[in-house]
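[1] Next input, structure requested:
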Amino acid sequence: MIFNVISLLLKIFEGHRLIQESKKKGVLLYLKVLQAVRTSIVGALIVFFALQIFIVAVVGIVLTVLYLVPLENETKAWILLGLCGTIVLFVALVLNHIFSEKTWFKYSGASQFIRK
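    Next up, the predicted model:
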């Protein structure tokens, strides 16, 4: 009887210790995930701003070239309209591909999990 009580107490203490250890591991995992998310957000912001600077530079180059080319103003306006329309169409297609469920399903690996 005494051995059963001692065995039960040891199991309770061991369970309590395992719970404390799992809480510590959970907090450490949470902090690591938080750090990874923060780092990825900073990286995404840097890429976003770099792309903005690149786009402004490309637009500046195109406008400068059109300003320096000896054409009529109406012809330059049609060229700008066609260029801007092409850029809008290209961006729309890229965003459609990026936010497509089919694309996310393919690259996330979910199709492999469903097959298994």
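[2] C-alpha only now, for contacts and for neighbours.
    Noted.
[3] Give the helix, strand or coil label for residue 28.
    helix (DSSP: H, G, I helix; E, B strand; the rest coil).
[4] Check the burial of it by counting its neighbours.
    Look at residue 28: counted by other Cα atoms under 10 Å, it has 12 neighbours.
[5] And it, how far from residue 34?
    10 Å (Cα to Cα, to the nearest Å).
[6] cool, and residue 62?
    Distance, residue 62 to residue 34, by Cα to Cα: 42 Å.
[7] Residue 80 now?
    Counting by Cα to Cα, the gap between residue 80 and residue 34 amounts to 45 Å.
[8] Pick out whichever of those two has more residues nearby.
    residue 80 (15 against 12).
[9] Model confidence for the more buried one, exactly?
    pLDDT, residue 80: 86.
[10] if I look at it, how far off is residue 74?
    Distance from residue 80 to residue 74, by Cα to Cα: 10 Å.
[11] what's the neighbour count on residue 84?
    Residue 84, neighbours per other Cα under 10 Å, totals 13.
[12] pLDDT on the strand or helix carrying residue 34, on average?
    Here residue 34 sits within helix 2-68, counting by DSSP states H and E. Mean pLDDT, helix 2-68: 82.
[13] got it, and stretch 92-105?
    Here stretch 92-105 scores 82 as its mean pLDDT.
[14] Ends of that stretch, what's the gap?
    OK, stretch 92-105 end separation, Cα to Cα: 20 Å.
[15] Tell me who's in contact with the residue nearest the centre of the chain.
    The C-alpha lying nearest the average C-alpha coordinate of the chain belongs to residue 44 (Cα atoms, centre = their mean; 6.8 Å). If you count contacts by Cα atoms under 8 Å, 6 or more residues apart in numbering, residue 44 has none.
[16] Tell me, how many residues neighbour residue 22?
    12.
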